[in-house]
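Undergrad: starting from these lines, generate the structure:
(one chain, ligands or ions: 2)
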Amino acid sequence: MNDQPKVLVIGLGLIGASFAKALKTRGEAYVYGYNRREGVAAQAKELGVIDEVVDNLSELPDVDCIVIGVPVLAIAAVIEAIKPALDKVKAITDVGSVKGEVVNIVRQQLGYVPASFVPGHPIAGAEKSGLMAANDQLFENHMLIVTPLEETSAEATTLVSRLWSACGAEVVSMPVARHDEVLAATSHLPHLLAFSLVDTLSRESENREIFKYAAGGFRDFSRIAASDPTMWHDIFLTNQDALLAVLRRFQADLSQLEGAIERGDGDYLKVVFERAKASRDHFSDILEARKNKK
Ligand SMILES: NC(=O)c1ccc[n+]([C@@H]2O[C@H](COP(=O)([O-])OP(=O)(O)OC[C@H]3O[C@@H](n4cnc5c(N)ncnc54)[C@H](O)[C@@H]3O)[C@@H](O)[C@H]2O)c1
Ligand SMILES: O=C(O)C(=O)C[C@]1(C(=O)O)C=C[C@@H](O)C=C1
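TA: Ligands and ions are numbered 1, 2, ... in the order given. Below you'll find the predicted structure:
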């Protein structure tokens, strides 16, 4: 359809392909797709995730919006490759889990931040990656955070917000630094703990034998330790300050618990556990309300 925006998604993994598929299946955009690994974009077309394959980033079609869906430390190479096309698009956005370093990367690559650049981050995902994990419902009733900069034009923010809203996301705006602090606490630290615990247990147990005896508790705590190592390597190295701050607070609290267990201080344990339970119950209410949204 002629009035559909044209969108190019670079990086057809879990997030890029889910976004492409959500736009295409809802008829909200004509979607082009590029992936560095050969054959992936052609497969995405076959699966109905995109309308058209882009083979080469040096020959881009005219599009309204470019969406970068690659790991954070791969964004520099993408920006470098699409430099000549950047003046022609109304909006360019990314889906990286860290925002401060993505803004630094754009500034370093271009020497400025274009008015068309709208940093973005869908707060939805999975421990699975790649094209075959694409899910066009992934963003339904989840937040999409934009962190527009002083340089960002209102027109670019509106276009990016419109595309994400069309995929069922609730778009919210916040400053870059606040984004990185909040996500360090609610996403990055839990992933670090899951990776670390599963690694510790696997090295302590011959042939990972103890996992045979694990059930729901371990399953729920450890699911995210199956997430993509490259993606998380990039996140931990690019959100260092915010992550280290919350990790140190957590280590101090964990030491307090260790002390309470050593001295048999059940009252201290109860206070902590009751406070944590109340907060987790509150989070369950948030999840329930989200589920009940139409
Ligand atoms: N997985 C999640 O839960 C989640 C959630 C929100 C945001 N994110 C962010 O989304 C981005 C992508 O994550 P994902 O889970 O979709 O990863 P993924 O591994 O599923 O997909 C990444 C895709 O990018 C491609 N790619 C890598 N380097 C490239 C390059 N230089 N040029 C072109 N393509 C390249 C890969 O081949 C792959 O298809 C990351 O920045 C991540 O931080 C992930
Ligand atoms: O549900 C999951 O598996 C996720 O890891 C999704 C999740 C998270 O909630 O921490 C992971 C990274 C993101 O950048 C956003 C969302």
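
Undergrad: wondering if stretch 175-192 reaches ligand 1 at all.
TA: No. Contact of stretch 175-192 with ligand 1 (C-beta under 6 Å from any ligand atom) is absent, the minimum separation being 8.4 Å. C-beta coordinates here come from the backbone N, C-alpha and C atoms, glycine included.

Undergrad: work out which residue lies at the spatial centre of this structure.
TA: S97 (4.2 Å; C-alpha atoms, centre = their mean).

Undergrad: not including adjacent chain positions, what is the nearest residue to it?
TA: Distances taken as C-beta to C-beta, 6 or more residues apart in numbering put I235 closest to S97, at 5.0 Å, once the chain neighbours are dropped.

Undergrad: can you tell me the element the one you found falls in?
TA: With secondary structure defined by DSSP states H and E, I235 is part of helix 229-238.

Undergrad: quick check: which element contains L144?
TA: Assigned by DSSP H and E, L144 falls in strand 143-146.

Undergrad: and that strand, what does it pack onto?
TA: Packed against strand 143-146 by the contact rule (3 or more C-beta pairs under 8 Å, 6 or more residues apart in numbering; DSSP states H and E) you find strand 120-122, helix 154-166, strand 170-173.

Undergrad: tabulate those (a markdown table), appending mean neighbour count.
TA: Below are the helices and strands packed on strand 143-146 laid out as a markdown table (neighbours: other C-beta atoms under 10 Å):
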| stretch | mean neighbour count |
| --- | --- |
| strand 120-122 | 24 |
| helix 154-166 | 19 |
| strand 170-173 | 15 |
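
Undergrad: out of these, nearest to ligand 1?
TA: When the helices and strands packed on strand 143-146 are compared for distance to ligand 1 using C-beta to the nearest ligand atom, the nearest one is strand 120-122, at 5.1 Å.

Undergrad: and that closest one, which strands flank it?
TA: Strand 120-122 has its sheet partners listed here by DSSP bridges as strand 143-146 (antiparallel).

Undergrad: give me the pLDDT for the residue nearest to S97.
TA: Note on I235: pLDDT of 98.

Undergrad: now do the buried residues in the helix holding I235.
TA: M231, W232, D234, I235, F236, T238 (16 or more other C-beta atoms under 10 Å).

Undergrad: helices of the stretch 1-150 of the chain, start to end?
TA: For the stretch 1-150 of the chain, the helices defined by DSSP state H, counting those that start in this stretch occupy 14-25, 40-46, 75-82, 100-110.

Undergrad: would you tell me which one of those helices is buried the most?
TA: Counting by mean count of other C-beta atoms under 10 Å, helix 14-25 has the highest mean neighbour count of these, with a mean of 26.

Undergrad: low-confidence stretches in the stretch 1-150 of the chain?
TA: Within the stretch 1-150 of the chain, the stretches with pLDDT under 70 are 1-2.

Undergrad: for it, which residues are neighbours of ligand 1?
TA: 10-16, 35-37, 40, 69-72, 74, 77-78, 95-97, 121-122, 125-126, 129-130.
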